[in-house]
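> I would like to see how this sequence folds:
(one chain, ligands or ions: 2)
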Amino acid sequence: MLNHIDERFEIKDLIAREVIDSRGNPTVEVEVITKGKGYGRAIVPSGASTGTHEALELRDKEKRFGGKGVLLAVENINSIIKPEIVGYDSRMQREIDYIMIELDGTPNKSKLGANAILAVSLAVAKAAADTAKVPLYKYLGGANSYVMPVPMMNIINGGKHAGNDLDIQEFMIMPIGASTVREAIRIGSEVYHTLKNTIIEKYGKSAINVGDEGGFAPPLKKAEEALDLLMESIKRAGYEDEIVLALDCAASEFYRDGYYYIEGKKLSREELLNYYKELVERYPIVSIEDPFHEEDFEGFSMITKELDIQIVGDDLFVTNVERLKEGIKKKAANALLLKVNQIGTLSEAIDAANLAFRNGYSVIVSHRSGETEDTTIADLAVALNTGQIKTGAPARGERVAKYNQLIRIEEELGLSKYAGRNFRNPFF
Ligand SMILES: C=C(OP(=O)(O)O)C(=O)O
Ligand SMILES: [Mg+2]
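Ligands and ions are numbered 1, 2, ... in the order given. Got it, this is the predicted structure:
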């Protein structure tokens with residue numbers, strides 16, 4: 001059937017409002033309603049350790065918006081985006097995304113706000129899926145979306161997400177030995193609980209407070225202490241053969257004027273590389289995200305060549321095809337962290353994923369440290385058959401919402417495939 005003969009998909013109304021995220025900060029929510037009573041709602045997340053090259057979100061913390069950033073984004077949706085979008089066929093995702101890109105007219109979406117544009121982009125996709133009466137992952141990915149991603153569960157928080165002295169931001173477990181995502185989530189939760197008890201035994205009750213992504217934030221100083229805690233808890237829970245580890249260093253946060261300030265030391269790029277090498281030798285670390293700062297393509301190339309593990313570009317690539325192209329040319333990293341709000345539209349985010357896949361890079365769909373109950377990223381990970389998702393600890397409602405959505409999708413799919421040990425290439 002041709003698009004124009006089915007009016008049910010026509011966008012009838014669009015409602016924008018300010019709501020709050022998991023840090024209690026304001027963010028944008030959009031609802032889209034189609035003529036055929038299809039309904040889509042999306043809420044935009046927000047980062048703390050944001051990359052310089054990310055699309056710009058209108059946030060209240062920005063003084064120049066006079067404490068009105070999110071309300072300005074809402075206003076932009078109502079007065080500028082809505083009049084252009086209402087009446088459009090909600091299945092015209094790319095066209096709608098590009099109308100908004102043109103209406104904005106800046107390279108980083110700073111006029112309308114990436115948060116304004118993304119909220120509409122995601123809500124449109126959801127409304128179209130609902131009108132078609134197919135789940136979002138199937139609407140976006142089609143009948144052959146069937147790979148359930150390995151969760152990267154951030155169960156010890158540091159860096160900008162926690163009130164401790166750990167320089168490395170995320171210490172994650174990946175339950176690759178499970179046979180389903182449901183089992184992986186259960187295993188991860190068991191280790192999380194065991195870790196809680198281990199922390200109480202070693203550091204007392206006051207050490208079990210959690211960071212922004214739900215992981216514990218004990219008063220540690222060195223990565224080795226955090227990794228030892230993880231290893232002990234994994235062993236105590238009985239999952240030594242099922243779990244491997246991943247790090248997000250978010251190194252831009254501890255880089256200044258040519259040096260990395262980590263654990264009380266001032267390290268050159270080469271010295272930091274040696275520091276990582278030693279960690280990888282001592283612990284079952286299979287993935288390191290942002291090991292160097294966001295402009296250091298050369299550092300990323302070096303580590304990708306020298307360590308036979310997954311090297312992930314987050315602040316480096318910011319889900320931007322131009323930055324990713326540069327990385328591909330320079331053989332910098334071998335994986336893309338995909339965050340929809342770094343680029344600001346669903347179409348552009350999917351372009352980045354496809355560019356990565358076509359060049360042998362793996363893709364990890366990711367949450368932000370400021371999240372909400374919105375579960376779009378769970379559907380997106382399955383839609384794209386990425387094989388990996390990063391969405392925090394198996395605790396705190398905004399993280400759990402994504403894990404629970406994965407459990408539902410796996411059940412609904414019937415025959416699915418948990419990426420497991422093939423997380424970097426689930427088709428291998
Ligand atoms: C999820 C992350 O944190 P934030 O959302 O603060 O950028 C990250 O750095 O990967
Ligand atoms: Mg990161």
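> dump the residue contacts of residue 256.
Residues near residue 256 by Cβ atoms under 8 Å, 6 or more residues apart in numbering: none. For the C-beta atoms, the positions are set from N, CA and C on the backbone; glycine is no exception.
> need phi/psi at it.
phi -150, psi 130 (degrees, to the nearest 10).
> pLDDT value on it, please?
pLDDT, residue 256: 97.
> how many neighbouring residues does residue 274 have?
12 (other Cβ atoms under 10 Å).
> separation between it and residue 265?
Taking Cβ to Cβ, to the nearest Å as the measure, residue 274 falls 12 Å from residue 265.
> so where is this protein shaky, pLDDT-wise?
1-4, 60-67 (pLDDT under 70).
> what residues does the stretch 301-428 of the chain put near ligand 2?
The stretch 301-428 of the chain has residues residue 314 near ligand 2, with proximity defined as Cβ under 5 Å from the ion.
> enumerate the residues of the stretch 301-428 of the chain near ligand 1.
Applying Cβ under 6 Å from any ligand atom, one finds that the stretch 301-428 of the chain approaches ligand 1 through 314, 366, 368-369.
> who does residue 261 bridge with?
residue 266 (DSSP bridges).
> quick one: contacts for it?
167, 254-255, 267.
> what of residue 103?
So residue 103 contacts 80-81, 84, 112 (Cβ under 8 Å, 6+ apart).
> against residue 342, how distant is the one residue sitting closest to the centre of the chain?
Compute the mean C-alpha point of the chain, and by Cα atoms, centre = their mean the closest residue is residue 366, 1.4 Å away. According to Cβ to Cβ, residue 366 and residue 342 sit 9 Å apart.
> again with residue 306
Residue 306 is 27 Å from residue 342, where distance means Cβ to Cβ.
> quick one, which of those two is more surrounded?
A count of neighbours by other Cβ under 10 Å puts residue 342 above the other of residue 306 and residue 342, at 28 against 14.
> from memory that one sits against residue 57, does it?
No - under the criterion of Cβ atoms under 8 Å, residue 342 is not in contact with residue 57, lying 9.8 Å apart.
> near ligand 1, anything from stretch 232-250?
Yes - Stretch 232-250 is in contact with ligand 1 by Cβ under 6 Å from any ligand atom, via 248, 250.
> tell me how many other residues surround residue 364.
Residue 364: 29 neighbours (other Cβ under 10 Å).
> residue in the stretch 251-400 of the chain nearest to ligand 2?
Per Cβ to the ion, residue 314 is where the stretch 251-400 of the chain lies closest to ligand 2, at 3.5 Å.
> and that residue, its phi and psi?
Dihedral angles (degrees, to the nearest 10) for residue 314: phi -110, psi -80.
> now the nearest residue to it once chain neighbours are set aside. Its backbone dihedrals?
Nearest residue to residue 314, sequence neighbours excluded (Cβ to Cβ, 6 or more residues apart in numbering): residue 337, at 3.9 Å. Phi and psi for residue 337, reported as degrees, to the nearest 10, are phi -90, psi 120.
> again with residue 172
Backbone torsions of residue 172, given as degrees, to the nearest 10, read phi -120, psi 150.
> quick check: beta-bridge partners of it?
Bridge pairing for residue 172 - DSSP bridges - gives residue 154, residue 246.
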